[in-house]
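Undergrad: When you get a sec, could you give me coordinates for this:
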Amino acid sequence: MKKKPYPLSLKPDLDEAAKRWEAYLAGELYKRPLVCVGAPLEGKKPPPGVGYRDYNFGDLDKIIDTNLEAASCNYYGGESIPAMGISFGADEVAVFCSDGEFHFNDDSGWTNWSKPFVDDWETALPFRIHEENPLWQRMLELCRRAAAKLEGKMLISHLDLHTNGDLLVAARSPDRLCMDLVDQPEMIDRAMDSARAIFPQIWNRVVEAAKMDERGHCQGLYSMEGAAVISCDFCCMISPEMFRRWIRPAYVEEASIVKNAFHHWDGPDALKHEADLVTIEGFHTFGYVPTVSIGGRIKHIDHLPLLRRVQKAGKAVQFIGTIDECKQAHRELAPAKTMYCTGADSVKEADDLLAWFEKNT
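TA: Numbering: from 1, shown residues only. Next up is the predicted model:
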């Protein structure tokens, strides 16, 4: 028996939204495509956002309260789900596997990085979670506190699961890892096996602390059974042959663990792996990240041929765009295999869009 959606006060229509999420994940259509549309609530002013610096050093209760206040100022239309992000930075899994910490750009609360910690693979392996690392303990405490304070209001999203190749590149550095792939591939076999063993450990600990199995999973996708974003940004630097040897097996394994996988497909240089990616059974939805346009907006409307190819291969796609672009794409994309993500200026505009999709499907 499938779990019933855990009620959320910031998403009063969750039961209806969950029906469409369930249909979408099954490759079926329920009245209209999946549409995630947000809008500001009239008369509400959201607080200043929190960045990586806040997550690393700020008061945990204040971080949670600020996220809840911000979510309370937003209308979650269609299938959008209120969820609090918990990431400390893209390299956080590598940090948790070392005694390190994040380093920051003084001019940005969102720019941080970790320092490589592997000088010799032989002595560095196997990877392990450093239980004594203050940031790892802080992550678990953030999950526990958020689970207590947000119960019945909003969900908790997953952390940045940059594991497999991204864990190796953060641990070793891009240039040295690229050399290792050629000079000592058997050692990279061992390193990747070790990195893959870290994924279920991180997953299980965070899921337990945040009570995700009980209340729902929401990252990229929403499901009571499990869902998360899976990625390897390092793929842009390797050949298809290297991808098949080291990354694809990790992807298959990770997708089986999270159950419903959203693939973060990062950049034009990763397109060379398209033929291999679309054969990964556990990958449900592909979120392609093209070169970002001026102003920082993703324009999927310029990449409809790619999205159609992915759908023809049997996969679903995320489409990010303006309301008009979503309507235009609806004429060309398979409705049961498209997740539309957009923003509206008002609750009425959001609801009008949902009505338009139902009328025109």
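Undergrad: Could you tell me which residues within the longest helix belonging to the chain count as buried?
TA: If you go by DSSP state H, the chain has its longest helix at helix 185-210. If you call a residue buried by 16 or more other Cβ atoms under 10 Å, then helix 185-210 has these buried ones: 188, 191-192, 194-196, 198-199, 202-203, 205-207, 209-210. C-beta: built from backbone N, CA, C; applies to glycine.
Undergrad: Tell me the first helix or strand C-terminal of that helix.
TA: helix 212-215 (DSSP states H and E).
Undergrad: which stretches of the protein form strands?
TA: 34-40, 74-78, 83-84, 103-104, 112-113, 155-156, 217-219, 221-223, 228-230, 261-266, 283-289, 316-320, 338-343 (DSSP state E).
Undergrad: any chance of those in a markdown table, with mean neighbour count, distance to M179 and mean pLDDT too?
TA: Formatted as a markdown table, the strands of the chain follow (neighbours: other Cβ atoms under 10 Å; distance: least, Cβ to Cβ, whole Å; pLDDT from 0 to 100):
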| stretch | mean neighbour count | distance to M179 | mean pLDDT |
| --- | --- | --- | --- |
| strand 34-40 | 22 | 42 | 98 |
| strand 74-78 | 21 | 47 | 98 |
| strand 83-84 | 23 | 40 | 98 |
| strand 103-104 | 15 | 24 | 93 |
| strand 112-113 | 18 | 20 | 92 |
| strand 155-156 | 26 | 39 | 98 |
| strand 217-219 | 24 | 33 | 98 |
| strand 221-223 | 25 | 36 | 98 |
| strand 228-230 | 23 | 26 | 98 |
| strand 261-266 | 23 | 22 | 96 |
| strand 283-289 | 22 | 27 | 97 |
| strand 316-320 | 25 | 35 | 98 |
| strand 338-343 | 22 | 39 | 98 |
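Undergrad: okay, those strands in a markdown table with distance to L354 next?
TA: As requested, the strands of the chain are exported to a markdown table (distance: least, Cβ to Cβ, whole Å):
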| stretch | distance to L354 |
| --- | --- |
| strand 34-40 | 6 |
| strand 74-78 | 5 |
| strand 83-84 | 20 |
| strand 103-104 | 40 |
| strand 112-113 | 37 |
| strand 155-156 | 21 |
| strand 217-219 | 19 |
| strand 221-223 | 17 |
| strand 228-230 | 25 |
| strand 261-266 | 22 |
| strand 283-289 | 20 |
| strand 316-320 | 15 |
| strand 338-343 | 10 |
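Undergrad: what's the closest of these to Q328?
TA: For those, proximity to Q328 was assessed by Cβ to Cβ; strand 316-320 is nearest, at 10.0 Å.
Undergrad: returning to what we had before: if we compare the strands of the chain, which one ends up closest to K299?
TA: When these are compared (using Cβ to Cβ), the closest one is strand 316-320, at 8.0 Å.
Undergrad: name the helices or strands packed onto that closest one?
TA: When contacts are defined as 3 or more Cβ pairs under 8 Å, 6 or more residues apart in numbering; DSSP states H and E, strand 316-320 packs onto strand 283-289, helix 304-312, helix 323-330, strand 338-343.
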